[in-house]
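Participant: When you get a sec, could you give me coordinates for this:
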Amino acid sequence: MGAGWPWNRSERGRRSWDLPLDGTVRVRPGRDGLVVRVERGTVLVTQSGDPEDHVLEAGAELRLPPGGLVAAWALAPARLAVADGGARARRDRHGPSRALSSGAVRTWV
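Facilitator: Purely as a prediction, here's the structure:
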């Protein structure tokens with residue numbers, strides 16, 4: 001999944017992907033967790049072991065704990081940036097985000 005999409009490493013501990021509609025990427029958080037930021041478009045983000053799925057729109061950021069695999073799915077063409085949890089300010093969420101409590105969306109992971 002993630003290996004098929006080009007990604008850039010612009011600074012230490014940070015990666016970014018340009019995702020087409022329905023593009024996906026998987027990331028395993030390190031010991032400090034990670035921060036997912038949507039720079040453009042709309043992305044659904046889910047983490048194994050988390051009962052909620054999160055829909056992030058451009059400008060939104062989500063901090064995820066270490067542990068379960070994180071998957072992101074572009075609901076529109078998007079640019080996604082991921083940084084190590086220790087590399088960013090400690091915040092939970094910033095910007096427009098919607099949580100989905102239904103587990104139905106998880107079946108694609």
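Participant: shaky segments in this structure?
Facilitator: The model of the chain has pLDDT under 70 over residues 1-12, 87-109.
Participant: which stretches of it form strands?
Facilitator: Along the chain, the segments classed as strands by DSSP state E run 7-11, 14-19, 24-27, 34-40, 42-47, 53-57, 61-64, 70-74, 78-84, 93-94, 97-100.
Participant: Please identify the buried residues of stretch 56-76?
Facilitator: If you call a residue buried by 16 or more other C-beta atoms under 10 Å, then stretch 56-76 has these buried ones: 56-58, 60-64, 70-74. Every residue, glycine included, has its C-beta placed from N, CA and C.
Participant: wait, what's in contact with Leu80?
Facilitator: By C-beta atoms under 8 Å, 6 or more residues apart in numbering, the contact set of Leu80 is 16-17, 19, 25, 36-39, 43, 72, 74.
Participant: possible to save the buried residues of stretch 56-76 as TSV with distance to Asp32?
Facilitator: Below are these laid out as TSV (distance: C-beta to C-beta, whole Å):
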residue	distance to Asp32
Leu56	20
Glu57	25
Ala58	25
Ala60	20
Glu61	15
Leu62	15
Arg63	10
Leu64	10
Val70	13
Ala71	19
Ala72	19
Trp73	24
Ala74	25
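Participant: Run a quick neighbour tally on the nearest residue to Gly41 once chain neighbours are set aside.
Facilitator: Excluding the flanking residues, the one nearest Gly41 by C-beta to C-beta, 6 or more residues apart in numbering is Ala78, at 2.8 Å. Ala78 is flanked by 23 other residues according to other C-beta atoms under 10 Å.
Participant: Please apply the same query to the one 3 residues further on.
Facilitator: As a burial measure, Ala81 scores 18 neighbours (other C-beta under 10 Å).
Participant: And for the one 5 residues further on?
Facilitator: Residues contacting Gly86 under the criterion other C-beta under 10 Å number 13.
Participant: Repeat that for Leu21.
Facilitator: Neighbours of Leu21 (other C-beta under 10 Å): 12.
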